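Undergrad: model this:
(one chain, ligands or ions: 1)
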Amino acid sequence: MKPGSSVDDLGVFFEGWHAEVATRAAAVAGDWAVDLDADDRARTHEAAQALAAAGLLAYCVPQRFGGAAVGRPDGVDARALTLIREALGWADGLLDTAFAMQGLGSHPITLAGSEAQKARYLPGVMAGARLGAFCLTEPEAGSDVASMRCRARRDGDRYVIDGEKAWISNAGVAGQYVVFATVDPAAGRRGITAFVVEPDDPGLTVEPMEVIAPHPIGRLRFAGCAIPVERRLGAEGAGFKLAMRTLDVFRTTVGGAALGMARRALDEGLARALGRVQFGEPIFEQQQIAAYLAESATELDAARLLVFRAAHLRDTADRRVSTEVAMGKLFATEAAQRIIDRAVQIHGGLGVTRGSAVERLYREIRALRIYEGTSEIQRVVIAAGLKAGRG
Ligand code: COS
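TA: Numbering: from 1, shown residues only. I've put the predicted structure just below:
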């Protein structure tokens, strides 16, 4: 089995150089060994090193700061990021999120950072030396970002942050945290402001959280956490749009990870159906099993079309593409869940046995319908786009 990431069948969405990106990502995915017994945090560092060594993290930062030449004004190419996540998701959810966090955790700096901020953080991101984190969610503010309570108060040449963030990927291993906090709770989303917090800033503590799949995640508590004013990203009140613009790139890449996981499930399901003999013949000969595989292959291709259309538009159209991006994430993550569920069914008892690839996929896929905007929020975005005549 080989990682399924190729530009061959969707040439219309790609430029010539994308094929090489897909090949390079597939090589990293093919070489990566999944070690479920190793510590998630240690594995994340190891993954970042492997991704940096293969040159893949260069796609997370603009060329001026050492990144790859992708020819986009904002320095990143959604198609490259999505192709890479497709290959990595095929191999291992943790390898995929190690990559994703270098992008998501640095893109607000790329978009809104000063030259000094970019120079301080981006080269380390690309080298895999500084792991990134994107800190938006709070215990009481998930989908409703504007209701966040984490507060930043200006005090001379510092901001003092108080509050809590939860379900933060890379908590405890990140070298930089992009933190969204409000400077004016009464102003709703217009008070939200982005900052960079560093792990040794006084007043920051981190607690690990456990989720259903291997993933370094946790809670951040800010108690009088004072940071210099120079760590603010962009203007006061500009944080909400900065978060949304960042998500317009990375929601598409979540779709890419879902494609990779679904492809792996289809590969595993097909191999099992052809190899497993019951009633004197491979179970593939049972029409119900063949139909599951046919359904999965069709849904996977439909998902690929939506996801790469979104990535292509994001890279080439000079307009907001939130609607198409939301459609891609919604459809790909929901379809991947169904495809993986069918693969588990085809595997029978083996499908729910710890250590089998489809059992791992079954746990890995679930969060993709939740993080970076739930499926329900994607429908909200799509409906808002319809009303506004977008997309
Ligand atoms: N790009 C640029 N601007 C955007 C934007 C985008 N993608 N999305 C929204 N905006 C702007 C709008 O243009 C609007 O600007 P004005 O005030 O100048 O008119 C402003 O932001 C508010 O937009 P909107 O009215 O659409 O926001 P809502 O408060 O109605 O809803 C949702 C926003 C629900 C879509 C948003 O809160 C959301 O995405 N929630 C989910 C958050 C999430 O993904 N959490 C996971 C955390 S990361 S693991």
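Undergrad: wait, isn't A332 in contact with G255?
TA: Yes. Between A332 and G255 there is a contact under Cβ atoms under 8 Å: 3.8 Å. Glycine gets a C-beta too; all of them are placed from N, C-alpha and C.
Undergrad: what touches both of the two?
TA: Taking Cβ atoms under 8 Å, 6 or more residues apart in numbering as the contact criterion, the common neighbours of A332 and G255 are A303, L306, V307.
Undergrad: helices and strands around the one helix or strand H347 maps to, which ones?
TA: If you go by DSSP states H and E, H347 is part of helix 322-347. Judged by 3 or more Cβ pairs under 8 Å, 6 or more residues apart in numbering; DSSP states H and E, the packing partners of helix 322-347 are helix 239-275, helix 287-316, helix 357-366, helix 375-388.
Undergrad: one step back: which of the shared contacts of A332 and G255 are buried, as a ChimeraX select command?
TA: Entered in ChimeraX, the line below selects the buried ones among those, by 16 or more other Cβ atoms under 10 Å:
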select :303,306,307
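Undergrad: Domain map for the protein?
TA: Structural domains annotated on the chain: 8-131, 133-237, 240-387, as defined by automatic domain parsing.
Undergrad: Please identify which of those is closest to the ligand.
TA: The ligand sits nearest to domain 240-387 of all the domains of the chain, at 3.3 Å, using Cβ to the nearest ligand atom.
Undergrad: What mean pLDDT does the closest one get?
TA: Mean per-residue pLDDT for domain 240-387: 97.
Undergrad: nearest residue to R154 other than its sequence neighbours?
TA: V183 (7.0 Å; Cβ to Cβ, 6 or more residues apart in numbering).
Undergrad: Revised request: answer the last question for G348.
TA: Leaving aside its sequence neighbours, G348 sits nearest to R276 (Cβ to Cβ, 6+ apart; 7.9 Å).
Undergrad: and what of E334?
TA: Computed as Cβ to Cβ, 6+ apart, the closest residue to E334 that is not its neighbour in sequence is S375, at 6.1 Å.
Undergrad: hang on, the one you found packs against M327?
TA: No. Between S375 and M327 there is no contact under Cβ under 8 Å: 11.2 Å.
Undergrad: count of residues packed around the closest residue to Y292 other than its chain neighbours?
TA: Counting by Cβ to Cβ, 6+ apart, R342 is the residue found nearest to Y292 once chain neighbours are left out, at 4.4 Å. Per other Cβ atoms under 10 Å, the neighbour tally for R342 reads 23.
Undergrad: Let me see the contact set for R342.
TA: A265, G269, Y292, L293, E295, S296.
Undergrad: cool, Y177 as well?
TA: G105, A133, C135, I168, V196, V197, E198, P199, L204, L220.
Undergrad: tally of neighbours for the second one?
TA: Pointing back at A133 there. A133: 28 neighbours (other Cβ under 10 Å).
Undergrad: Tell me the predicted confidence for it.
TA: Per the predicted model, pLDDT is 98 at A133.
Undergrad: how near is it to V173?
TA: Between A133 and V173 the computed distance is 8 Å (Cβ to Cβ, to the nearest Å).
Undergrad: what does the stretch 51-200 of the chain put close to the ligand?
TA: Proximity of the stretch 51-200 of the chain to the ligand (Cβ under 6 Å from any ligand atom) is limited to residues L136, T137, S143, V145, A146, R189.
Undergrad: which two from those end up farthest apart in space?
TA: T137 and R189 (14.8 Å; Cβ to Cβ).
Undergrad: hang on, the earlier thing: just the helices and strands packed on helix 322-347: most buried one?
TA: Among these, ranked by average contacts under mean count of other Cβ atoms under 10 Å, first place goes to helix 239-275 (a mean of 24).
Undergrad: Quick one: distance of the helix or strand just after that helix to the chain centre.
TA: Next in sequence after helix 239-275, counting helices and strands by DSSP H and E, comes strand 277-278. Relative to the centre of its chain, strand 277-278 is centred 39 Å away, using Cα atoms, centre = their mean, to the nearest Å.
Undergrad: So what are the sheet partners of strand 277-278 and their directions?
TA: strand 281-282 (antiparallel) (DSSP bridges).
Undergrad: next one: phi and psi at the residue of the chain positioned farthest from its centre?
TA: Going by Cα atoms, centre = their mean, the residue of the chain most distant from its centre is G280, 43.8 Å out. Dihedral angles of G280 (phi, psi; degrees, to the nearest 10) stand at phi 80, psi 10.
Undergrad: OK, contacts around it?
TA: Taking Cβ under 8 Å, 6+ apart, one finds nothing in contact with G280.
Undergrad: repeat for T110
TA: V61, P62, D74, G75, V76, K118, L122.
Undergrad: Let me see the ranges of the helices in the stretch 101-250 of the chain.
TA: 107-112, 115-127, 239-275 (DSSP state H, counting those that start in this stretch).
Undergrad: would CSV of the ones you listed with distance to G355 be doable?
TA: Output for those, formatted as CSV (distance: least, Cβ to Cβ, whole Å):
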stretch, distance to G355
helix 107-112, 35
helix 115-127, 33
helix 239-275, 13
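Undergrad: so which of those helices gets nearest F13?
TA: Among the helices of the stretch 101-250 of the chain, helix 239-275 comes nearest to F13, with 11.6 Å by Cβ to Cβ.
Undergrad: just how off-centre is that closest one within its chain?
TA: For helix 239-275, the separation from the chain centroid amounts to 8 Å (computed by Cα atoms, centre = their mean).
Undergrad: now swap in stretch 68-88 and tell me
TA: The answer for stretch 68-88 is 13 Å, by Cα atoms, centre = their mean.
Undergrad: which parts of that stretch are buried?
TA: 68, 70, 72, 75-88.
Undergrad: Get me the contact residues on the stretch 251-391 of the chain for the ligand.
TA: So the stretch 251-391 of the chain meets the ligand at R320, S322, Y371, E372, G373, I377, V380, V381, A384 (Cβ under 6 Å from any ligand atom).
Undergrad: host element of the fourth one?
TA: I take that to be E372. Under the criterion DSSP H and E, no helix or strand holds E372.
Undergrad: so who does it touch?
TA: Neighbours of E372 in contact, by Cβ under 8 Å, 6+ apart: L104, L247, F250, R251, V254, K329.
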